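Novice: Got a predicted model here, sequence first, then my questions.
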Amino acid sequence: MDPAPTISVVIPVKDDAVLLRRCLAALADQRDRPDEVLVVDNGSTDGSADVAHDAGARVVAELRPGIPAASARGYDEAIGEVIARLDADCVPPPDWIERIRDAFARDAALDAITGPARFIDGPRALRSVLSALYLGSYVATVAPALGHVPLFGSNLALRRDAWRAVRDEVHRHDQLMHDDMDLSVHLGPCRRFRYDLGLRMGISMRALTGGGALRVRRGVHSVVSHWPEEFPVRRWRRRAAWMATQTSGPRDARDRLRRGHPA
């Protein structure tokens, strides 16, 4: 195993003080605490920043509206070797940071990791079913377009070096963009992703309330905005060529594929 990496947790927030307090309390109860908790205040007027300060988090203001801008600012500011991301309405289980740290320590080639989630509010009898449908439909529709598993914004972690390689490529000023899908596009297909069933997250069922048409529009926009350069067939070919280098190809060939050049 490599030495355990330092971890920064990034939480974009806007007017979510009550749920942010719950999220920060869950992070404080981690068996293995993060090295930094960074809350990106995206123009809150309800005291979210005060809640973050009171919990000992570092607060950064991002005045440009939208989750893409807030998330990217948090990744830019993070000091940890690994950057974990969740939302203000999330409740991570006590082993969340421990699992992330262990995954990156055990696999030096791992660039990003993500995992499932479960609704923690709403009708109890429907939580498991709706969680599976919500996350399952996301993976089932996005993975074929990417050529690999997509990152889920409420439950992901990536190496800081991987972020720095794509930070100037992501659409951080496009409010219509799903930031986790955009990040997945630019990180892949020539990087190592992992979907860890044990890396669980509690999320709010409010993700299902309202804005369905807008959510679909944003999803389509987040994919097709990258075409034709990132058209699925092109990504599958690059992914296949890169995978072939993982056991037999020289390092310079792998690096060239990451940059989008033929080996």
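Specialist: In hand now; what should we look at?
Novice: Not including adjacent chain positions, what is the nearest residue to residue 115?
Specialist: Take residue 115 and drop its neighbours on the chain: the residue closest to it by CB to CB, 6 or more residues apart in numbering is residue 199, 3.1 Å away. For every residue, glycine as well, the C-beta is placed using N, CA and C.
Novice: Likewise for residue 156?
Specialist: Nearest one to residue 156, counting by CB to CB, 6+ apart, is residue 114 at 4.5 Å.
Novice: For the one you found, name its beta-bridge partners.
Specialist: residue 156, residue 195 (DSSP bridges).
Novice: sorry, back to before: isn't the residue nearest to residue 115 right next to residue 98, touching?
Specialist: No: with contact defined as CB atoms under 8 Å, residue 199 does not reach residue 98; the gap is 10.2 Å.
Novice: about what we covered before: so who does the residue nearest to residue 156 touch?
Specialist: Residues in contact with residue 114 (CB atoms under 8 Å, 6 or more residues apart in numbering) are 149, 150, 151, 152, 155, 156, 157, 193, 194, 195, 196, 199.
Novice: which residues sit in contact with the fourth one?
Specialist: It refers to residue 152. Taking CB under 8 Å, 6+ apart, one finds 114, 115, 116, 117, 135, 138, 180 in contact with residue 152.
Novice: Helices of this protein, residue ranges please.
Specialist: 17-28, 48-54, 67-77, 96-106, 127-146, 160-166, 179-187, 212-224, 232-248, 251-258 (DSSP state H).
Novice: Of these, which is nearest residue 60?
Specialist: helix 67-77 (5.2 Å; CB to CB).
Novice: What are the buried residues along that closest one?
Specialist: Buried residues in helix 67-77, counted by 16 or more other CB atoms under 10 Å: 67, 68, 69, 70, 71, 72, 73, 74, 75, 76, 77.
Novice: And stretch 120-129, by the same measure?
Specialist: So stretch 120-129, judged by 16+ other CB under 10 Å, has buried residues 120, 127.
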